[in-house]
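Engineer: with the sequence up front, the predicted model follows.
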Amino acid sequence: MEKQQIRAKYKKKREGLSREEIDTMSLAIANNLLKLPIWDKTYYHIFLSIENKKEIDTSYILHILQGRDKSVVVPKVDFKAGEIRAILLQENTSIMHSPFGIPEPEDGIQLEPSLMDIVFVPLLAYDKKGNRLGYGKGFYDKFLAQCTSHCLFVGLSFFESEAILPHAEWDIPLHYCVTADTTYTF
């Protein structure tokens with residue numbers, strides 16, 4: 001199956017989810033994350049959910065991070081440069097929706113990707129080797145490539161893995177992927 005077909009398949013699967021299913025699975029994913037050996041770190045990069053794309057509700061994970069006094073970093077997409085900027089989330093950080101419907105900080109303190117310890121990675125699909133398939137713009141692959149070798153990449157998914165996904169040499173694999181029922185280690 002080609003990347004576009006796989007993307008279409010998983011977008012359709014998401015469309016079939018009710019708000020209640022999304023909430024239930026998102027909470028289960030957050031609870032399963034607590035079992036990972038990742039909570040002794042400092043800088044956690046997490047995407048803010050795009051509701052109209054029926055993404056995982058990351059607010060549950062945000063509450064865990066804030067409750068553990070972690071430094072939370074969120075993405076701000078620079079479409080002209082084709083990259084993600086990492087912005088420190090603070091109490092006074094104003095969140096707006098970009099023209100593409102992406103919740104992101106209006107402005108704030110930008111941090112280098114090399115500071116990140118954990119990156120929670122959005123995805124549409126992933127395979128048994130940790131390869132992921134996103135929306136196809138390459139923003140996260142570019143961002144992950146700038147992180148250091150100690151940084152762990154954690155995918156979050158409503159669905160189980162594919163056997164194998166098409167991938168390129170520049171695609172960055174995950175270290176973990178967490179679903180409501182299963183935690184994959186790669």
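Structural biologist: Perfect, I can see it now.

Engineer: low-scoring stretches of this structure, by residue?
Structural biologist: Along the chain, segments meeting pLDDT under 70 are nowhere present.

Engineer: what sits opposite the spatially most central residue of it in the beta ladder?
Structural biologist: What sits nearest the mean C-alpha location of the chain, by Cα atoms, centre = their mean, is residue 121, with 2.4 Å. Taking DSSP bridges as the rule, residue 121 bridges to residue 155.

Engineer: surely it meets residue 144?
Structural biologist: Yes: contact criterion Cβ atoms under 8 Å: residue 121 and residue 144 qualify, at 7.3 Å. Just so you know, the C-beta spots here come from the backbone N, C-alpha and C atoms, and that holds for glycine as well.

Engineer: what residues are shared contacts of the two?
Structural biologist: The overlap between the contact sets of residue 121 and residue 144 (Cβ atoms under 8 Å, 6 or more residues apart in numbering) consists of residue 153.

Engineer: which ones are touching the nearest residue to residue 125 once chain neighbours are set aside?
Structural biologist: In space, residue 125 comes closest to residue 133 once its chain neighbours are excluded; the distance is 4.5 Å by Cβ to Cβ, 6 or more residues apart in numbering. Counting by Cβ under 8 Å, 6+ apart, residue 133 touches 3, 6-7, 10, 123-126, 165.

Engineer: swap in residue 129?
Structural biologist: By Cβ under 8 Å, 6+ apart, residue 129 lies in contact with 164, 173, 186.

Engineer: how near is it to residue 49?
Structural biologist: When distance is defined by Cβ to Cβ, to the nearest Å, residue 129 is 26 Å away from residue 49.

Engineer: ok, the residue nearest to the centre of the chain - contacts?
Structural biologist: 47, 132, 134, 140, 144, 153-156, 174.
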